[in-house]
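Engineer: Predicted model, plus sequence, below.
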Amino acid sequence: MANRLAQSQSPYLVQHADNPVDWWSWTPEAFDEARRREVPVLLSAGYAACHWCL
């Protein structure tokens, strides 16, 4: 089941659309939801590499 990143315009974010995490992209709505729930925002700096590069 895809998460909300499936709708992203970013190719990097779309490749995480099937992760079992309720990811949010960097949007005002994400921060509004965190405020509403009184939870911290955890930031993923993002990293992707192919197996040939490692």
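Structural biologist: Great, that's in hand. Residues are numbered from 1 along each chain as shown.
Engineer: For the nearest residue to L13 once chain neighbours are set aside, give me its contacts.
Structural biologist: Spatially, and ignoring its direct neighbours in sequence, L13 is nearest to L5 (4.6 Å; CB to CB, 6 or more residues apart in numbering). C-betas here are computed from N, CA, C, even on glycine. By CB atoms under 8 Å, 6 or more residues apart in numbering, L5 lies in contact with L13, V14, H16, A17, N19, W23, S25.
Engineer: got it, and A34?
Structural biologist: Contact analysis of A34 by CB under 8 Å, 6+ apart lists P40, V41.
Engineer: thinking again about what came up before, so which of the contacts of L5 are in helices?
Structural biologist: Among the contacts of L5, the ones falling in helices (DSSP state H) are L13, V14.
Engineer: Determine which two of the contacts of L5 are furthest apart.
Structural biologist: N19 and S25 (13.0 Å; CB to CB).
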